[in-house]
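Chemist: based on what follows, work out the 3D shape:
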Amino acid sequence: MTRMHGTTIVAVHRDGVTALAGDGQVTLGDQIVKRGAIKVRTLDDGRVLAGFAGAVSDAFTLMEKFEGHLSASKGSLTKAAVDTVKEWRTDRVLRNLEAMLIVADESRILTLSGAGDVVAPDIDAAAVGSGGAYALAAAVALLENSDLSAPEIAEQAIRIAGRIDIYTSGDPTVLIAPPEETDDEGVA
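Modeler: Okay, the predicted model is just below:
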C-alpha cells in the first residue's frame with residue numbers, strides 16, 4: 001500500500017466497541033501548518049466511523065463518495081466500501097486520487113485503497129498514514145498485553161506513533177461505534 005505522509009489513522013475493535021483515532025497534524029512538505037485538523041468523522045447517525053490519510057482534497061472527495069454509497073446501501077459497511085473502491089478504480093478522475101480510508105462499524109474494520117483493495121484485517125486493528133505502522137504495532141501490543149478499552153488503545157497508539165513519526169502530532173481525536181447512549185439531558 002502507498003505510504004501517505006501527513007497523518008496517522010488507527011482503528012481498534014475490542015469488546016463490541018470500535019474506536020477510530022486520528023492525529024490532527026497537517027504538513028506542507030516538511031513544515032507543520034496545522035495541529036488541530038479533524039481527519040475522522042462519524043457517518044450514518046454515528047454507527048459508522050471513517051478516517052483518511054493522504055491528500056486532503058482527495059480524501060474529502062472519497063469520503064463523500066463513501067458516504068453516498070453508504071446511504072444507497074442502507075448502512076451496509078461492506079457494500080459501501082466495495083462500491084466506493086469499484087468507482088475509485090474505474091472512474092478516470094477518481095483513480096488518480098491519493099488517499100486511503102479506514103471505515104468501521106461496531107463489528108468490522110476495513111481499509112480502502114485506490115489500488116482496488118478492501119482489506120478486513122486478521123487482527124482487531126488497522127492503521128494508515130505516515131505513522132500507521134507505528135500506531136498499528138502499538139495497538140496490537142496493547143490489545144495483546146493490556147485490559148485497556150478500544151478507545152484507550154486507539155488514543156495511546158496515536159500518542160506512541162507521534163513520538164516516532166514526524167508527520168504525526170500525537171494529539172488524537174477519538175470516535176467510537178456504537179455511539180454512547182445518552183439520557184434525555186444529553187449526558188452519556
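Chemist: then stretch 22-30 to PDB, C-alphas only?
Modeler: Provided in PDB are the C-alpha atoms of stretch 22-30 (Å, rounded to 0.1, in the frame of the first residue of the first chain):
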ATOM      1  CA  GLY A  22      -6.600  10.300  14.000                       C
ATOM      2  CA  ASP A  23      -4.000  12.800  14.800                       C
ATOM      3  CA  GLY A  24      -4.600  16.500  13.900                       C
ATOM      4  CA  GLN A  25      -1.300  17.500  12.200                       C
ATOM      5  CA  VAL A  26      -1.300  18.900   8.700                       C
ATOM      6  CA  THR A  27       2.000  19.300   6.900                       C
ATOM      7  CA  LEU A  28       3.100  21.000   3.800                       C
ATOM      8  CA  GLY A  29       6.400  19.400   2.700                       C
ATOM      9  CA  ASP A  30       8.400  19.300   5.900                       C
END
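Chemist: nearest residue to the middle of this protein?
Modeler: Residue closest to the average C-alpha location in the chain (C-alpha atoms, centre = their mean): residue 51, at 3.2 Å.
Chemist: buried residues in stretch 96-115?
Modeler: 97, 99-106, 108-114 (16 or more other C-beta atoms under 10 Å). All C-beta spots, glycine's among them, are computed from the backbone N, C-alpha and C.
Chemist: direction included, what does the one helix or strand in the chain whose mean pLDDT sits lowest pair up with?
Modeler: Every helix and strand in the chain was compared by mean pLDDT, DSSP states H and E; the lowest is strand 26-28, with a mean of 80. Here strand 26-28 has these sheet partners by DSSP bridges: strand 31-34 (antiparallel).
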